[in-house]
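Undergrad: Turn this into a structure:
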Amino acid sequence: MDEKAYHIPGNDQPSMDTLLNELSHYRRQSERLRKVNDLYGRLAGLLDLPTMIETYSIWLAQYVKHELIGYHNLNRERMHMYCSCHGPRRRQVIEIAENRLRDPEAADRRHLAREDRFFSHTWSFASEGCSGVLVLLRHDSHIRDEDLELIRESLPVLADPLKRALDYEEIFAQARRDPLTGLPNRLVFEERIDCIMEQARRHHHPLTLAALDLDHFKEINDTMGHLRGDEVLQLVADALQEQVRLTDLLVRMGGDEFLVVLPDTDMEAARSLSERLCRAVDSLDIRTGSGRLGISIGLAQWQPGMDRARWMEKADDILYQAKADGRARVAVH
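TA: Numbers count the residues shown, from 1 in each chain. Sure thing, here's the model as predicted:
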């Protein structure tokens with residue numbers, strides 16, 4: 001008799017191959033979950049973007065070989081890369097990655113490209129208020145689908161810590177910026193000055209401090225109001241910032257008082273810069289009832305053995321000598 005005649009509907013059972021495939025699928029899924037949980041633990045407690053990108057790259061290198069991981073935050077224009085290459089290859093890989101991260105097309109979808117034997121995979125991902133692009137570069141081969149799935153599942157784990165790091169950076173930066181002028185504040189000066197002095201001592205480089213104070217600024221506040229005074233301080237800060245070098249430290253210490261720390265600068269070069277600062281403020285052409293707004297500057301060059309307090313006191317004394325001599329001028333030690 002035909003065996004099919006005894007088949008009972010509803011008693012169908014999955015085949016052994018189907019069961020094995022499903023079991024293998026769940027095992028792979030469980031293993032990915034274990035890996036992603038490990039990443040979550042590594043990122044917990046980290047607050048800075050460079051360490052997060054490095055941690056992510058080190059975690060991923062266990063499973064997916066790569067030469068570089070890069071991240072670009074589109075909202076805040078913040079980019080960082082972690083590269084394991086060295087020498088000329090490092091420069092090559094970083095240039096490729098930067099081009100990929102700035103590619104508008106990369107922000108819309110996952111994108112695969114090849115350049116100079118490097119495959120670059122790019123993903124767009126976001127958390128609330130924080131969108132970003134991640135790029136991975138590897139040499140000579142693209143990524144397997146299974147590894148792509150692991151990266152895809154890791155991105156939500158990475159997104160929130162990255163936002164936390166960027167928020168922390170913003171708060172950290174705000175605490176070190178003068179809210180009115182945007183210049184570094186006294187806290188930045190306190191943090192950096194000892195290191196600058198130590199470098200000058202160690203390498204026998206000249207170091208000069210310029211103490212700045214506006215002339216006739218009180219008249220502006222008294223007769224035109226503090227709102228106009230704030231506008232003038234912003235104009236002055238912008239004018240000063242345009243003259244100083246990237247290596248100089250221009251700080252608003254409070255009120256209408258500023259300091260400029262001039263590394264690798266002797267007295268002659270410091271005087272030349274200070275005279276430009278005076279002209280920059282004068283060119284604003286701000287007039288008060290007591291006279292034209294200007295700036296007086298006192299210069300003191302640091303000497304070996306001079307402590308910070310004595311150095312600042314010397315610059316302050318010379319500043320008030322400049323005011324006593326007629327204001328809107330540079331006085332030197």
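
Undergrad: give me the number of residues near D222?
TA: Neighbourhood size, D222 [other CB atoms under 10 Å]: 13. The C-beta positions use only the backbone N, C-alpha and C, and glycine is treated the same way.

Undergrad: Tell me the secondary structure at it.
TA: Following DSSP: H, G, I helix; E, B strand; the rest coil, we place D222 in the helix state.

Undergrad: what about it, distance to T288?
TA: Distance of D222 to T288, given as CB to CB, to the nearest Å: 9 Å.

Undergrad: what does I318 give?
TA: Between I318 and T288 the computed distance is 24 Å (CB to CB).

Undergrad: of these two, who's got more company?
TA: Set side by side, I318 and T288 show unequal neighbour counts under other CB under 10 Å, the larger going to I318 at 21 against 18.

Undergrad: What pLDDT does the model give the more buried one?
TA: Predicted confidence (pLDDT) at I318: the value is 97.

Undergrad: who's in contact with it?
TA: Contacts were defined as CB atoms under 8 Å, 6 or more residues apart in numbering; by that measure I318 touches 211, 298-300, 331-333.

Undergrad: Take those and write them to JSON lines, including neighbour count and distance to L249.
TA: Converted to JSON lines, the contacts of I318 look like this (neighbours: other CB atoms under 10 Å; distance: CB to CB, whole Å):
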{"residue": "A211", "neighbour count": "25", "distance to L249": "13"}
{"residue": "G298", "neighbour count": "25", "distance to L249": "17"}
{"residue": "L299", "neighbour count": "25", "distance to L249": "15"}
{"residue": "A300", "neighbour count": "26", "distance to L249": "15"}
{"residue": "A331", "neighbour count": "22", "distance to L249": "21"}
{"residue": "V332", "neighbour count": "17", "distance to L249": "19"}
{"residue": "H333", "neighbour count": "15", "distance to L249": "19"}
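
Undergrad: helix or strand for L134, which one?
TA: Here L134 is covered by strand 130-139, with elements defined by DSSP states H and E.

Undergrad: burial count for M81?
TA: Residues near M81, counting by other CB under 10 Å: 20.

Undergrad: Flag every buried residue along the top helix by length along the chain.
TA: Among the elements of the chain assigned as helix by DSSP state H, the one spanning the most residues is helix 145-175. Neighbour counts using 16 or more other CB atoms under 10 Å place 147-148, 150-151, 154-155, 157-159, 161-166 of helix 145-175 among the buried residues.

Undergrad: where do the strands sit along the protein?
TA: Counting by DSSP state E, the chain forms strands over residues 68-73, 78-83, 111-115, 118-127, 130-139, 207-215, 249-254, 257-263, 287-288, 291-292, 294-301, 330-332, given from the N-terminal end onward.

Undergrad: Residues touching the last one, excluding its own?
TA: Right, the one you point to is strand 330-332. Contacts of strand 330-332 with the rest of the structure, by CB under 8 Å, 6+ apart, involve 267, 270-271, 274-275, 278, 296-299, 318-319, 321-322, 325.

Undergrad: Taking the centroid of the chain, which residue is nearest it?
TA: Closest residue to the average C-alpha location of the chain: R78 at 6.5 Å, with CA atoms, centre = their mean.

Undergrad: right, and that one touches L49 too?
TA: Yes: counting by CB atoms under 8 Å, L49 is a contact partner of R78 at 6.7 Å.

Undergrad: Give me the common contacts of the two.
TA: Residues touching both R78 and L49 (CB under 8 Å, 6+ apart) are 166, 169.

Undergrad: quick revisit: list the ones among the contacts of strand 330-332 that fall in helices.
TA: Members of the contacts of strand 330-332 lying in helices (criterion: DSSP H): 267, 270-271, 274-275, 278, 318-319, 321-322.

Undergrad: Output those in JSON lines, with distance to M312 appended to each entry.
TA: Listed next are the ones in helices among the contacts of strand 330-332 as JSON lines, based on distance: CB to CB, whole Å:
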{"residue": "M267", "distance to M312": "17"}
{"residue": "A270", "distance to M312": "15"}
{"residue": "R271", "distance to M312": "19"}
{"residue": "S274", "distance to M312": "16"}
{"residue": "E275", "distance to M312": "22"}
{"residue": "C278", "distance to M312": "21"}
{"residue": "I318", "distance to M312": "11"}
{"residue": "L319", "distance to M312": "10"}
{"residue": "Q321", "distance to M312": "15"}
{"residue": "A322", "distance to M312": "16"}
